[in-house]
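Undergrad: what would the 3D arrangement of this be:
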Amino acid sequence: MSKQNAFYAQSGGVTAVINASACGVIETARQHSDKIGTVYAGHNGIIGALVEELIDTNAISTDDVAALRHTPGGAFGSCRYKLKDIDTHREQYERLIEVFKAHDIGYFFYNGGNDSADTCLKVSQISEKLGYPIKAIHVPKTVDNDLPITDTCPGFGSVAKYIALSTMEAGLDIQSMCETSTKVFILEVMGRHAGWIAAAGGLAQQAEGQPPHLIVFPEIAFDKAAFLKKVDQSVKDNGYCVIVVSEGAHYEDGTFLADAGTKDAFGHTQLGGVAPTLANMVRAELGYKYHWAVADYLQRAARHIASETDLQQAYAVGKAAVEMAVAGKNAVMPAIIRTSNAPFAWTIEEAPLSSVANVEKFMPRDFITEDGFGITDKCREYLEPLIRGQADLPYDEKTGLPKYVRLQHVLAEKKLPEFKA
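TA: You can find the predicted model right below:
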């Protein structure tokens, strides 16, 4: 195989450990310099390829590449941009191949979730049709933990740890004041269709009566009467009630509790405000004083309490992606396969993108308690290893803040006419 360059890009919502995957890709590619020349990173994801804004990672020092391992956010810029259908918008794919051909790019590493897996598969297919075959490898990442085949998705373990810890700490706060003040606290977390993040809040409950007292999952149709009854009983039994709710909570007919009436770039319904929606129910029907919070970007940016397991897995899938590509693999994803719970152990195997793209993995029913408001022991057994360990993080002694790296992007010289993405 002749030596060619590689393209790496980050897609969708970022995580506390997505840059660890980037680190794994770049460091491993440098170790295979006999087959991979320059790794170009897309500035703002796939858009960087379309508009030919390619970041030359050869200009990044070894130390700065290593620092990506402990830096949150998307170091090269991410985007919510979905390529159109190949049949009706072939020009987008042709443009990608033109850019790759102009910069001698033979490897495509796309770091993202479900939609990114679909894009990666399409790039592999169209490159074959256009006579410029590219090794396209999907690098899994999503806090929603909803990719199939892989045991978990890098980014999820750290969000799970953040939500579990936040639920525990907020619970202690509410318990301290519930006699004369707030009786109900509601924490809204991410999760459009899958309740994995909400489930992680359940890890805070170490004994009966401890928070969270209710979890509201997207997998269970919302029953207002049952919800209010459970809240009221919790306040009567414990003096207070802590609730974790997924943004994707919906009624039996599929209507989201927090449908904002707009769509995002991928055509998904924009969600926001399920916590205040539930809070208003509590106030109107039960009259309890309440507080609510939305974890929002904080949950996916919290590198300071990232899971060591998550960090290791994020780096491992980046490394494995490169190793698969140089071995001649194409249209696959490095999948994390759990081999043991006690002790916790895992390995990496390849999964075909045809079985990954546009497929969502939901919470199994036996991970949710019979009443629909809690997690089972089986779910706890699955989740606990994923939040173990405190990922190492260097701190500045003077400021007391983490030493996050901020890269100075050096763009490759453009070789093609302008293109509007």
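
Undergrad: got a pLDDT number for the closest residue to Lys135 other than its chain neighbours?
TA: In space, and not counting its chain neighbours, Lys135 is closest to Ala325: 4.5 Å by Cβ to Cβ, 6 or more residues apart in numbering. For glycine as for every other residue, the C-beta is placed from the backbone atoms N, C-alpha and C. As summarised for this prediction, Ala325 has a pLDDT of 98.

Undergrad: repeat that for Asp115.
TA: Value listed for Asp115 in the pLDDT field: 89.

Undergrad: need the three-state assignment for it.
TA: For Asp115, the assignment made with DSSP: H, G, I helix; E, B strand; the rest coil gives helix.

Undergrad: okay, now the unreliable bits of this structure?
TA: Low-confidence segments of the chain, defined by pLDDT under 70: 1, 260-272.

Undergrad: all helices of it, in order?
TA: 18-31, 46-50, 62-67, 90-102, 114-129, 156-177, 196-201, 224-238, 274-285, 296-301, 308-326, 377-383 (DSSP state H).

Undergrad: so which of the ones you listed comes closest to Asp392?
TA: helix 308-326 (7.7 Å; Cβ to Cβ).

Undergrad: any idea of the angle that closest one forms with helix 18-31?
TA: Angle, helix 308-326 to helix 18-31, by axes from the mean of the first three to the mean of the last three Cα atoms, to 10 degrees: 40 degrees.

Undergrad: okay, the angle between helix 308-326 and helix 156-177?
TA: Interaxial angle, helix 308-326 versus helix 156-177 (the same axes, to 10 degrees): 160 degrees.

Undergrad: what is the distance between helix 308-326 and the centre of its chain?
TA: The chain centroid and the centroid of helix 308-326 are separated by 15 Å, computed with Cα atoms, centre = their mean, to the nearest Å.

Undergrad: same question for stretch 16-29.
TA: On the basis of Cα atoms, centre = their mean, stretch 16-29 sits 15 Å off its chain's mean C-alpha point.

Undergrad: you'd agree Gln313 is up against Thr150?
TA: No - if you go by Cβ atoms under 8 Å, Gln313 and Thr150 don't touch, sitting 9.2 Å apart.

Undergrad: higher neighbour count, those two?
TA: Neighbour comparison, Gln313 and Thr150: the larger count goes to Gln313, with 28 against 24 (by other Cβ atoms under 10 Å).

Undergrad: residues in contact with that one?
TA: Residues counted as contacts of Gln313 (Cβ atoms under 8 Å, 6 or more residues apart in numbering) are Thr152, Pro154, Gly157, Ile336, Trp346.

Undergrad: got a winner among those residues for most neighbours?
TA: Pro154 (34 neighbours).

Undergrad: now do the spatially most distant residue from the centre of the chain against Lys289, distance only.
TA: Going by Cα atoms, centre = their mean, the residue of the chain most distant from its centre is Thr180, 38.9 Å out. Thr180 sits 10 Å away from Lys289, going by Cβ to Cβ, to the nearest Å.

Undergrad: repeat that for Thr182.
TA: Thr182 is 5 Å from Lys289, by Cβ to Cβ.

Undergrad: would you map out the domains in the chain?
TA: According to automatic domain parsing, the chain comprises the domains 4-142+304-358, 156-302.

Undergrad: mind checking which of the ones you listed is nearest Gln408?
TA: When the domains of the chain are ranked by proximity to Gln408 (Cβ to Cβ), domain 4-142+304-358 comes first, at 8.0 Å.

Undergrad: starting at the chain centroid, how far to that closest one?
TA: Averaging C-alpha positions (Cα atoms, centre = their mean) puts domain 4-142+304-358 14 Å from its chain's average.

Undergrad: tally of neighbours for the nearest residue to Leu50 once chain neighbours are set aside?
TA: What sits nearest to Leu50 in space, not counting adjacent residues and going by Cβ to Cβ, 6+ apart, is Ala421, at 4.3 Å. Neighbour count of Ala421, defined by other Cβ under 10 Å: 15.

Undergrad: on that earlier part again, wait, the residue nearest to Lys135 touches Val139, no?
TA: No - counting by Cβ under 8 Å, Ala325 sits too far from Val139 to count as a contact (10.5 Å).
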